[in-house]
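In: Provided below are the primary sequence and the corresponding predicted coordinates.
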Amino acid sequence: MTESKPQKLFVYGTLRKGGARSEHLEQCTLLRMMRVPGTLYCTPFGYPAAVFDETSSLTIQGELYELPPDSEDFMKSVDRLEGVDEKLFSRSVIRCEEELFYAYEPGLELGRQIGDADIIENGNWFSGPVLCGEDPFSFALAFENIQKRYYRMRPDSRSEENIFLEGTVPILVTCPHSTAHVRMGKLKRHEFYTAALGAVAHLVLGCHCLYTNREQDTDPNYYDDCDFKVALGKILSETEIDLVVDIHGTGNERPEDLFPGVGTGREFLLSVPEVLDDFYLSAREHGIAAGGADIFPAARQMTVAKFAANRFSVPAIQIEVSDRLRMPWRREEEFRRLIGFFLGFIEKTISEKVG
C-alpha cells in the first residue's frame, strides 16, 4: 500500500521562526520542537544543511510545521526556495517519533561543500556561537511576526502549547505571557515581544528559553496548576539551570521602563543576590531607567520566579518591561537598547555570578 504524502514540514535553519526566510512559513502552523537523528552541518554560504540518519548518535533540532491546505503547491514553492532544481537541496520524506514529514537534505552540489570539520555537534543552528553575528534586532522582528499568529490561537491535541528552545548555558529565560491567558475568569492580552527577547537570548548567548505558543487557559504567572509550570518543572528537574529570568510586559504609566522582581528582600535570588546589582548596572550602561524592586516584587501571587526559587531552589528574577521599549515599529532605537540591556545583563550573570 502506498504511504500517503506528508502534511508536515521539519525545518532546522533559515526557515525556523525568526530565521532570515521564516516569513515563507507564515501560512503554516508550528506544532512543536523536535530532535531528529542525523548530522547538522555549517555550510560556507551562511546556512546549515542536515543529513538525516536514524542510526546516528547525533540529532538535529528544529521545528515541525503543519502544511497549509494547498500543501502540494506550497511544497513546490519551498523546493524553489531551497534550490532543488539546482541540486542545492533535495526534498526527503522522514519518519521519526511516529511523525511523517518532509525535510531538506544537501543535494549533489551542496554535498561537495561540507565535511566532518563543518559538523555542528549540538545539532542546533539557533544556539551557541554559530549565529552570534546575526542581527538580533532583525531576528526579533522576524520571530514576533510569526509569533503574532499564536497570540489567540487555541491549543489542540496535535500541537505543543509551550515551546522549549534547548540551549547550551545554564540560564533559562521564561516568557509565560507571550500569548493571551486567562486570569480570574478574564482573558488577558499577550505581552508582545517577550518571547522574541527570550529567543534572542537563545540565539546570541545560547540560553534555554520556554515560551507560550498557544492561548493559555490558566495564567502561568498567577496559578501553579497549569501546563506551563508542568513544562517548567520538568526542565528545572532534568536540566542544569543556575538562573531563571522571567520576562513580562507592563504599561507605560510609570516614568521608569524596567522593573525587577526578586521577592520582598531578594529572597528569590537565593545564593546570588548580586544578580540584582547586575540588573541595575546593565540598565544604566544602556541608558534605561529602572524602577525599584518593590513595584513588581513577584511575591504577591504564584509567580514563575517564586515557583522556581521555592519549589526547585533555582535563583530567579522577574523583569517587567514597559510598552515604550517593546514598540520596534514606532521606537526602533528604544527596542535596540532593550536588546542591548537584556543581552548585557545575562552576559554579566554568566561571566560573573552564575555557575
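Out: The structure has been received and is ready for your questions.

In: Gln318 belongs to a helix, doesn't it?
Out: No. With DSSP: H, G, I helix; E, B strand; the rest coil as the criterion, Gln318 is located in strand rather than a helix.

In: Nearest to the spatial middle of the protein, which residue is it?
Out: The C-alpha lying nearest the average C-alpha coordinate of the chain belongs to Ala199 (Cα atoms, centre = their mean; 3.6 Å).

In: Spit out the contact partners of the residue nearest to that one when sequence neighbours are not counted.
Out: Spatial nearest neighbour of Ala199, excluding adjacent residues (Cβ to Cβ, 6 or more residues apart in numbering): Phe143 at 5.0 Å. C-betas here are computed from N, CA, C, even on glycine. Contacts of Phe143 were listed using Cβ atoms under 8 Å, 6 or more residues apart in numbering, and they are 17-18, 22, 195-196, 199-200.

In: Which of the residues you listed ranks first by neighbour count?
Out: Among the contacts of Phe143, the one with the most neighbours (other Cβ atoms under 10 Å) is Ala195, at 33 neighbours.

In: That residue reaches Thr212, doesn't it?
Out: Yes. The pair Ala195 / Thr212 is scored as a contact, 7.5 Å apart, by Cβ atoms under 8 Å.

In: so which helix or strand takes in the residue nearest to the centre of the chain?
Out: Taking DSSP states H and E as the criterion, Ala199 maps to helix 194-205.

In: Restricting to C-alpha, output that helix in PDB.
Out: As requested, the backbone C-alpha atoms of helix 194-205 are provided in PDB (Å, rounded to 0.1, in the frame of the first residue of the first chain):
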ATOM      1  CA  THR A 194       8.600  39.000  25.300                       C
ATOM      2  CA  ALA A 195       9.100  35.700  23.500                       C
ATOM      3  CA  ALA A 196      11.200  37.400  20.900                       C
ATOM      4  CA  LEU A 197      13.600  38.600  23.700                       C
ATOM      5  CA  GLY A 198      13.900  35.000  25.000                       C
ATOM      6  CA  ALA A 199      14.600  33.700  21.500                       C
ATOM      7  CA  VAL A 200      17.200  36.400  21.000                       C
ATOM      8  CA  ALA A 201      19.000  35.300  24.200                       C
ATOM      9  CA  HIS A 202      18.800  31.700  22.900                       C
ATOM     10  CA  LEU A 203      20.200  32.800  19.500                       C
ATOM     11  CA  VAL A 204      23.100  35.000  20.700                       C
ATOM     12  CA  LEU A 205      24.100  33.600  24.100                       C
END
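
In: Alright, that wraps it up for me.
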